[in-house]
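>>> sharing a model that was predicted from the sequence below.
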Amino acid sequence: MIGKAILDEFNKQINEEMFSSYLYLSMAAWFEDINMKGAAMWMRAQSDEETMHANKFFDYILERGGKVELLPIEGPKKEWTSPLDAFEASYEHERHITSRINTLMDVAVSEKDYAAQAFLQWFVNEQVEEEASVDEVVQKLKLVGDSKNGLFMIDRELAARGVSSQE
């Protein structure tokens, strides 16, 4: 049986992951609006991944005999000033999620819930990858600055992630 402290935090995390999905979907829509189809595909793939993360928490709660309580999802931002601004916002959001995962691990450790710690280790590792992936795009966008050719090349590169994740 899952303890109350872990259950409450995991239910909050489902909301965090669903908000993440919603945020990335909003970014995808914005990238579509500015005709950066590759970045839009990348964000759609990211949105799908965040939904999968929410489902992992959902299933874990049920496996441990807990009750899933879905919370209202806050509306995400809808516009950014530039592709760099959007990816920097994505990076900051991933840092927030990393902080949340660390908090969850702290609760699991304090509650001596070893099953939750084992479950959360996947997310700890995933967040290292998430931050690095987004930061790589941020650094490339900083490198090209206002170059339309550079943005075009990055957009084409970002499309590859969207295609591979949909197969």
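Okay, I see it. No experiment lies behind these values; they were computed from the predicted model shown. Numbers count the residues shown, from 1 in each chain.
>>> rest of the way, CA atoms for contacts and neighbours
Noted.
>>> hmm, residue 80 is touching residue 90, no?
No - counting by Cα atoms under 8 Å, residue 80 does not reach residue 90; the two are 11.0 Å apart.
>>> of those two, who's got more company?
Legend: neighbour count by other Cα atoms under 10 Å for residue 80 and residue 90, higher for residue 90 (22 against 14).
>>> the more buried one reaches residue 134, doesn't it?
Yes - here residue 90 reaches residue 134: they are 7.0 Å apart, a contact under Cα under 8 Å.
>>> phi first, then psi, for residue 70.
phi -80, psi 130 (degrees, to the nearest 10).
>>> what comes up buried for stretch 81-100?
83-84, 86-91, 94-95, 97-98, 100 (16 or more other Cα atoms under 10 Å).
>>> mind listing what residue 65 touches?
Residues near residue 65 by Cα atoms under 8 Å, 6 or more residues apart in numbering: 1, 2.
>>> 6 Å instead?
residue 1 (Cα atoms under 6 Å, 6 or more residues apart in numbering).
>>> now do it, the pLDDT please.
pLDDT, residue 65: 98.
>>> name the SS class of it, please.
coil (DSSP: H, G, I helix; E, B strand; the rest coil).
>>> from residue 17, how far out is it?
Per Cα to Cα, to the nearest Å, residue 65 is found 21 Å from residue 17.
>>> with residue 127 instead?
Residue 127 is 12 Å from residue 17, by Cα to Cα.
>>> who's more crowded, those two?
With neighbours defined as other Cα under 10 Å, residue 127 and residue 17 compare such that residue 17 has more, 22 against 19.
>>> for that one, list the residues it contacts.
50, 54.
>>> grab the nearest non-local neighbour of residue 142.
Spatial nearest neighbour of residue 142, excluding adjacent residues (Cα to Cα, 6 or more residues apart in numbering): residue 84 at 7.1 Å.
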